[in-house]
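Visitor: Dropping a prediction and its sequence here:
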Amino acid sequence: MAEAADVMGFLRPDGGYVQIGSDYEGITFEPHCKPLTKEEYLAGFEQYDVWKAQRDAERAAAKAAAQEKLNKLGLSLDDLKALGIG
């Protein structure tokens, strides 16, 4: 479950706001930052959870593919660590 800081970092990755607490009312936007509506903020929680699940799945798939390649080469993660790579 997303937390307020995660959602704001997702919706406004360049910053431009100060957030006190987790409620929308605790957000102050700096003049150069486009403000969010409360609806956009609340929708961001679900959007963040979907994005994070997708990102985690992509990372897991990439890791599995890399481990498969290592296996085909007859290498393990310990082999990489021994080389100072992993």
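Guide: Structure's in. What do you need?
Visitor: Name the surrounding residues that touch stretch 35-54.
Guide: Residues outside stretch 35-54 that contact it (CB atoms under 8 Å, 6 or more residues apart in numbering) are M1, A2, D6, V7, M8, F10, L11, R12, Y24, I27, F29. Using the backbone N, CA and C atoms, a C-beta is placed for each residue, glycine as well.
Visitor: Show me which of these is closest to L83.
Guide: Looking at the contacts of stretch 35-54 and their distance to L83, the nearest is D6, at 35.5 Å (CB to CB).
Visitor: Does that closest one lie in a helix or a strand, and which?
Guide: Assessed by DSSP states H and E, D6 sits inside helix 4-11.
Visitor: from the chain's centre, how far out does that helix sit?
Guide: Helix 4-11 has its average C-alpha position 9 Å from the chain's average C-alpha position, going by CA atoms, centre = their mean, to the nearest Å.
Visitor: low-confidence ranges in this protein?
Guide: Under the criterion pLDDT under 70, the flagged ranges of the chain are 86.
Visitor: which ones are touching the residue of it most remote from its centre?
Guide: Distance from the C-alpha centroid of the chain, by CA atoms, centre = their mean, peaks at G74 (32.8 Å). The contact partners of G74, taken as CB under 8 Å, 6+ apart, number zero.
Visitor: Where does it sit: helix, strand or coil?
Guide: coil (DSSP: H, G, I helix; E, B strand; the rest coil).
Visitor: Give me the phi and psi for it.
Guide: For G74, the backbone dihedrals (degrees, to the nearest 10) come out as phi 80, psi 20.
Visitor: Please look at S76 and L70 and confirm they touch.
Guide: Yes - S76 lies in contact with L70 (CB atoms under 8 Å); the separation is 6.5 Å.
Visitor: what's the helix or strand for the residue nearest to the spatial centre of the chain?
Guide: The geometric centre of the chain, computed from its C-alpha atoms, lies nearest to K52 (CA atoms, centre = their mean), at 5.5 Å. For K52, the element it lies in under DSSP H and E is helix 38-72.
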